[in-house]
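In: Prediction below, plus the sequence it came from.
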Amino acid sequence: MTPFRREVTAQPEDIDELGHVNNAVWVRWIQDLAVAHWAAVAPPDQQAAHVWVVTRHEIDYRGNVVAGETVTGETWVPGAPRGARFDRHFRFLGSDGRVRVEGVTTWALLDRATGRLLRIRPEIAAPFVG
């Protein structure tokens, strides 16, 4: 399966007191990457009817990113959903190809109108799992 990709450039406000991208910013970038993937592949009716929420993050920080540096985020879903949940893998690569951050986030599908968990039907999972 081909990962979904998106570039992001670290802004001065993303930088912490240690001079590199703050951990909370990485979490925002992880979410932004996943949401962009959903928006790119899900039909409008599914986007209107459903919303995803994170139930778990597992993040490994492998290198630093400084202001002005651009990284390429990649995300993919390697396996079938489990009920209302699936694991989405991600990584952010520097221009040198080295991994800066990688991990797995577990997402759950909710009915947008009721806020209730929904089993992920095959037609919802199809654009993500290869």
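Out: That came through fine. Everything numeric here is computed off the predicted structure, so don't read it as measured data.

In: tell me the phi and psi of the closest residue to residue 42 other than its chain neighbours?
Out: Excluding its sequence neighbours, the residue lying closest to residue 42 (Cβ to Cβ, 6 or more residues apart in numbering) is residue 127, at 6.5 Å. C-beta here means a position set from N, CA and C on the backbone, and glycine is covered the same way. The phi/psi pair for residue 127 (degrees, to the nearest 10) reads phi -70, psi -20.

In: can you name the farthest residue from the center of the chain?
Out: residue 17 (25.2 Å; Cα atoms, centre = their mean).

In: Neighbours of the residue nearest to residue 42, how many?
Out: Residue 127 is flanked by 16 other residues according to other Cβ atoms under 10 Å.

In: Over to residue 81?
Out: Residue 81, neighbours per other Cβ under 10 Å, totals 20.

In: so what's it closest to, chain neighbours aside?
Out: residue 120 is the one closest to residue 81 (Cβ to Cβ, 6+ apart), at 3.8 Å.

In: what kind of secondary structure is the residue farthest from the centre of the chain in?
Out: Three-state call for residue 17 (DSSP: H, G, I helix; E, B strand; the rest coil): coil.

In: which secondary structure element contains the residue nearest to residue 81?
Out: If you go by DSSP states H and E, residue 120 is not part of any helix or strand.
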